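S.K.: Below: sequence and its predicted model.
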Amino acid sequence: MNMVTPPPDIAAISALQSRLVSALSPILPEHALLWQPEDTIPYECDGLAAYRRMPLAVALPETEAQVAQILKICFDMQIPVVPRGSGTGLSGGAMPISQGLVLSLAKLKKIISIDAFTRTAVVQPGVRNLAISEAVAHLGLYYAPDPSSQIACSIGGNVNENSGGVHCLKYGLTLHNVLRVRGVLMNGEIVEFGSLAPDSPGLDLLAIVMGSEGMLAVVTEVTVKLVAKPKLARVIMASFDDIEKGGNAVAAIIAAGIIPAGLEMMDKATTRAVEEFVHAGYDLEAEAILLCESDGTFEEVAEEIARMTKVLEESGASGIKISQDESERLKFWSGRKMPSLLQVESQLTITAWMALFLADILLLY
Ligand SMILES: Cc1cc2nc3c(=O)[nH]c(=O)nc-3n(C[C@H](O)[C@H](O)[C@H](O)COP(=O)(O)OP(=O)(O)OC[C@H]3O[C@@H](n4cnc5c(N)ncnc54)[C@H](O)[C@@H]3O)c2cc1C
């Protein structure tokens, strides 16, 4: 049976919008509050672009105090709030709620402190994932979780999706790489989860906020762990004439007691779609390719690459290439790190991808 949706009450929505804008205007500069459709349309969806909804307004606070004030006002007015990082989420978490406010954290993008001794950094939620590693590269450190969207996605979004990436098998998800999260509850109260010490007193609630999709608190500060850059990393690219063989090779590697630094399988449709853009040299005849990375000292990498090669050959790999230098390693991974892949993942065109993220990216720089 088809449901008949009643037409929206335009006059009531418009009145609510006016009340919200009037309430938020005194606490936000003019450029930090958007409500005209031409300004809010870039926020109508996230990476799950099949679903779209226009918000009443979009707020772009520049301080934690403004975040708290906005939430308190919306709480009092009973207006739902959807926090937003860079809008790369693929599960619709940042899609507006009808007659609600989108709270973009994109302007909170400062790296507050870096401590090489304790290997930690305190960052605001709008800082891009990759920007953390870039900021600490001169110290020989990096931030390990690496979603393929890391050039654009924010640490606030990573926390709220508990994001992982190709290197998370060895280095863990966001949950395993964050020590402390500071945020604001819907009533404007400031809260902290976790601490710098591994055994802080009281309930350990850090895991609750991880992957909570903005439903528990608006994250305003994140303390991340940093890890030392390995001396060397090399990646094996193995081709398979059958997807199942590739999947079984993954199990065989793990069964052999090897935890690769990175592990990813791409099917034929994916390699064919991305090769045109990235020119990584993927085997386009293979039903699947497997990328297996090893990192560590020169000796560790040599030994692990040899062991993984043996397992892959025994698992029926029809071809094996091993990266010979850092640029080739990055090239092998490029099909998983480029926006072009989104074409495959969400059936968007490159143009749509660019349009979708332009608003967020402009704010991030
Ligand atoms: C090409 C591409 C590749 C991807 N690859 C991966 C991958 O390898 N691994 C992976 O895990 N994901 C991947 N993703 C999904 C996405 O990038 C991640 O989920 C990422 O963490 C989202 O970050 P964001 O800043 O874009 O968050 P948004 O999409 O803006 O938000 C995600 C969720 O977090 C909430 N949120 C955002 N910021 C805050 C905050 N400060 N406080 C409270 N709630 C907040 C939002 O309400 C929403 O529920 C990919 C996406 C794309 C487009």
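M.R.: That came in fine, so what should we check first?

S.K.: What does the pLDDT read for the residue of the stretch 151-300 of the chain found nearest the ligand?
M.R.: Per C-beta to the nearest ligand atom, residue 157 is where the stretch 151-300 of the chain lies closest to the ligand, at 2.1 Å. (Glycine included, C-beta is placed from N, CA and C.) Note on residue 157: pLDDT of 98.

S.K.: Nearest residue to it in space, ignoring adjacent ones along the chain?
M.R.: Nearest non-adjacent residue to residue 157, counting by C-beta to C-beta, 6 or more residues apart in numbering: residue 85, 3.1 Å away.

S.K.: Helices of this structure, residue ranges please.
M.R.: 10-24, 37-40, 64-77, 129-136, 155-161, 168-171, 206-209, 243-255, 268-278, 298-314, 326-337, 342-346, 350-364 (DSSP state H).

S.K.: Spatially nearest residue to residue 154 (excluding sequence neighbours)?
M.R.: residue 85 (3.5 Å).

S.K.: Looks like the one you found contacts residue 160 (just checking).
M.R.: Yes. Counting by C-beta atoms under 8 Å, residue 85 sits close enough to residue 160 to count as a contact (7.5 Å).

S.K.: any common contacting residues for these two?
M.R.: Here residue 85 and residue 160 share no contacting residue, scored by C-beta atoms under 8 Å, 6 or more residues apart in numbering.

S.K.: need the helices of the chain in TSV with mean neighbour count, can you?
M.R.: Formatted as TSV, the helices of the chain follow (neighbours: other C-beta atoms under 10 Å):
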stretch	mean neighbour count
helix 10-24	14
helix 37-40	12
helix 64-77	19
helix 129-136	20
helix 155-161	30
helix 168-171	19
helix 206-209	16
helix 243-255	16
helix 268-278	16
helix 298-314	16
helix 326-337	18
helix 342-346	17
helix 350-364	16
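
S.K.: give me the number of residues near residue 58?
M.R.: By other C-beta atoms under 10 Å, the residues close to residue 58 number 22.

S.K.: er, residue 325 actually
M.R.: Residue 325 - counted by other C-beta under 10 Å - has 9 other residues nearby.

S.K.: and it, what is it in contact with?
M.R.: Taking C-beta under 8 Å, 6+ apart as the definition, residue 325 has no contacts.

S.K.: State the distance from it to residue 69.
M.R.: 52 Å (C-beta to C-beta, to the nearest Å).

S.K.: Residue numbers of this structure in contact with the ligand?
M.R.: Within the chain, the positions near the ligand by C-beta under 6 Å from any ligand atom are 46-47, 82-90, 93-94, 105, 125, 147-149, 153-154, 156-158, 160-161, 163-165, 213-214, 218-219, 339, 341-342.
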